[in-house]
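Novice: My questions concern the predicted model and sequence given below.
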Amino acid sequence: MAQVYKKIAEKMPNMSKAQEKIAKYILSHPNSIPFLTVEKLANLSGVSIATVTRFVIFLGYKGYPDFLKDTQESMQQQVNKVERRKQNVCDKEKDIYGIFEDDLINIKSTMEDLNLYELDKAVNLLMNAKKIYIVARGSSSALAIFFKYYLDLMFNNISLIESIEQIPKQISEFSGEDVVIGISFERYARSTVEIYAHLKKRGASTIAITDNMLSPLIPYSDTTLTAISKGTSLIKSFVAPLSLINSLIMSLEEEKKDLFKNNVQLLEEAWKKFDLLI
């Protein structure tokens, strides 16, 4: 994630309502911000020029030109990116192939936005974790279960938390050396955010797997990995998030190659011995 946008997301809880309006506009339109004058940003955000100026100073910049330069440097790899997904397309006009095409676009956009530094940071946190917790609820639980299945082949300390009621039992031996992975997408589950924030406050390192910089997980995250989950209806597409998680799994497998290979071999021997596969 670009540091300028991470900084904005982290400071949102302490912003005034006017500053929050600017922040939401910036995080929702990261590709256009590097090309906006202070007057234009003020107009689009519905605030005054003076408010925008105070906003960038609040972020730690000397002035708007300094802020603009930072966004331009952060977005230099994306300046030619265009909107790849048609909006407001009637569901009845979408054919089956169109759904596949949308998923391909989601994966491609997620791949282009992938921050390898954040990915490597997540890998390092997990490699050094004493215990790993995955927090997810609702449809995001499917992603969490998939992720946990493969993490269990590489680590002996994985716990999946899906409700607040599980906290007393699951974190009885919690320590500051633990890592929490929060998985949540738009229509975010309140319990996921509350559990994630609670464990962060108790000293855990945190990794967010979410959809964008407006996610309520961001203020409590040490590392953030984003994936597009746009669908054609209320049903989100988890194709790109699953691909992102798969890339994280493969990166971890590369670090723990021997252990992973040995555990897979033992698993296959068990499948064969007990005739579990056709």
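Specialist: Yep, that arrived.
Novice: mind checking how far the residue lying farthest from the centre of the chain is from E118?
Specialist: In the chain, K273 marks the outermost C-alpha relative to the chain mean, sitting 39.9 Å out by Cα atoms, centre = their mean. Separation of K273 from E118 (Cβ to Cβ, to the nearest Å) stands at 41 Å. All C-beta atoms are positioned from the backbone trio N, CA, C, and that covers glycine.
Novice: which residues sit in contact with M127?
Specialist: 252, 255-256 (Cβ atoms under 8 Å, 6 or more residues apart in numbering).
Novice: who does the lowest-mean-pLDDT helix or strand in the chain touch, helix- and strand-wise?
Specialist: Lowest by mean pLDDT, DSSP states H and E among the helices and strands of the chain is helix 167-170, with a mean of 75. Applying 3 or more Cβ pairs under 8 Å, 6 or more residues apart in numbering; DSSP states H and E, we find helix 167-170 packed against strand 158-161.
Novice: partners of the strand it packs on, with directions?
Specialist: Partners of strand 158-161 in the sheet, by DSSP bridges, are strand 132-136 (parallel).
Novice: any idea of the mean pLDDT in the strand it pairs with?
Specialist: Strand 132-136 carries an average pLDDT of 96.
Novice: which residues make contact with that strand from outside it?
Specialist: Outside strand 132-136, the residues within contact range by Cβ under 8 Å, 6+ apart are 126, 143-144, 147-148, 151, 155, 157-162, 170-171, 178-184, 189, 192, 195-196, 199, 204.
Novice: Which among these count as buried?
Specialist: By neighbour count, with 16 or more other Cβ atoms under 10 Å, the contacts of strand 132-136 hold 126, 143-144, 147-148, 151, 155, 158-162, 170-171, 178-184, 189, 192, 195-196, 199, 204 as buried.
Novice: mind giving me the domain split of this protein?
Specialist: Using automatic domain parsing, the domain parsing of the chain gives 3-74, 107-268.
Novice: Now render these as a markdown table, adding distance to I278.
Specialist: Formatted as a markdown table, the domains of the chain follow (distance: least, Cβ to Cβ, whole Å):
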| stretch | distance to I278 |
| --- | --- |
| domain 3-74 | 48 |
| domain 107-268 | 14 |
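Novice: List phi and psi for G60.
Specialist: When quoted as degrees, to the nearest 10, the phi and psi of G60 stand at phi 110, psi 10.
Novice: Tell me where this structure has helices.
Specialist: 3-11, 17-28, 38-45, 49-58, 64-74, 96-113, 116-127, 140-151, 167-170, 190-201, 239-255, 257-273 (DSSP state H).
Novice: Dump those helices to CSV, plus distance to T226.
Specialist: Converted to CSV, the helices of the chain look like this (distance: least, Cβ to Cβ, whole Å):
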stretch, distance to T226
helix 3-11, 10
helix 17-28, 11
helix 38-45, 22
helix 49-58, 23
helix 64-74, 14
helix 96-113, 7
helix 116-127, 9
helix 140-151, 13
helix 167-170, 26
helix 190-201, 16
helix 239-255, 8
helix 257-273, 26
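Novice: Among those, which one carries the weakest average confidence?
Specialist: helix 167-170 (a mean of 75).
Novice: Which one, of the helices of the chain, ends up nearest to L214?
Specialist: Closest approach to L214 among these is made by helix 17-28 (5.3 Å; Cβ to Cβ).
Novice: Show residues contacting that closest one.
Specialist: 5, 8-9, 11-12, 15, 33, 41, 44-47, 51-52, 54-55, 58, 212-214.
Novice: and if we set it to 6 Å?
Specialist: 8, 12, 33, 44-47, 51, 55, 213-214 (Cβ atoms under 6 Å, 6 or more residues apart in numbering).
Novice: residues contacting S221?
Specialist: Contacts of S221 (Cβ under 6 Å, 6+ apart): 206, 208.
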